[in-house]
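J.: Below is the structure, and that's it, no one-letter string:
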């Protein structure tokens, strides 16, 4: 189907509407027709901005990361602290939209983060051969934690779980000794990882 000659709505509005549909209906509930109805337009008007549904979903993935409230680093801030705050913000943004979290795997928007990577990698006081280990590690910790937490929320499963302390004594002891909740344990994990560098 061809694109309309001029846009009726903006790409940003259409992407936000798609995210709202996913938040309320889930990924399976998303259709161009539902997004168009939410915007008060006909579905063909969305083709001005998106070739297909996959392109719309990729735009939603980028929006979620763009919504992350990443604090600006102040002069003199240690790069490790900046990475911790970026990881917390990205994870939080994904957890706000648990139904959309699988899009982070399907349409991982690494290009969106290249500017931040380029800006910060030169500040790492580690050898160049370790710099990708820093990036990969923080990325995997952040997105792994966010996706697991989001899937629990999307499926109505408590991320914590009851443990048979007689059968799994060591695991139960470790769980009881862990201080804090999912968020604080995630932050402590990222900090501990970065302290290795």
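T.: Structure's in. What do you need? In this text the structure is predicted, and so the values were computed from the model without any measurement. Residues are numbered from 1 along each chain as shown.
J.: ok, residue 53 - contacts?
T.: When the contact criterion is Cβ atoms under 8 Å, 6 or more residues apart in numbering, the partners of residue 53 are 30, 31, 32. All C-beta spots, glycine's among them, are computed from the backbone N, C-alpha and C.
J.: try 7 Å this time
T.: Neighbouring residues of residue 53 by Cβ atoms under 7 Å, 6 or more residues apart in numbering: residue 32.
J.: Can you give me the distance of it to residue 154?
T.: Computed as Cβ to Cβ, to the nearest Å, the residue 53 to residue 154 distance reads 19 Å.
J.: which residue ranges form the helices in the protein?
T.: For the chain, applying DSSP state H gives helices covering 11-25, 32-39, 53-66, 79-95, 103-106, 110-121, 128-154, 169-177, 182-195.
J.: Mind telling me which of the ones you listed the model trusts least?
T.: The minimum mean pLDDT among those belongs to helix 110-121 (a mean of 76).
J.: Give me the contact list for it.
T.: Helix 110-121 is contacted by residues 62, 65, 79, 82, 131, 135 when judged by Cβ under 7 Å, 6+ apart.
J.: For those residues, give me a markdown table that also has distance to residue 113 and neighbour count.
T.: Output for the contacts of helix 110-121, formatted as a markdown table (distance: Cβ to Cβ, whole Å; neighbours: other Cβ atoms under 10 Å):
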| residue | distance to residue 113 | neighbour count |
| --- | --- | --- |
| 62 | 10 | 15 |
| 65 | 7 | 18 |
| 79 | 15 | 18 |
| 82 | 13 | 19 |
| 131 | 14 | 16 |
| 135 | 9 | 17 |
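J.: and which of those residues is nearest residue 49?
T.: When the contacts of helix 110-121 are compared for distance to residue 49 (Cβ to Cβ), residue 62 wins out at 12.9 Å.
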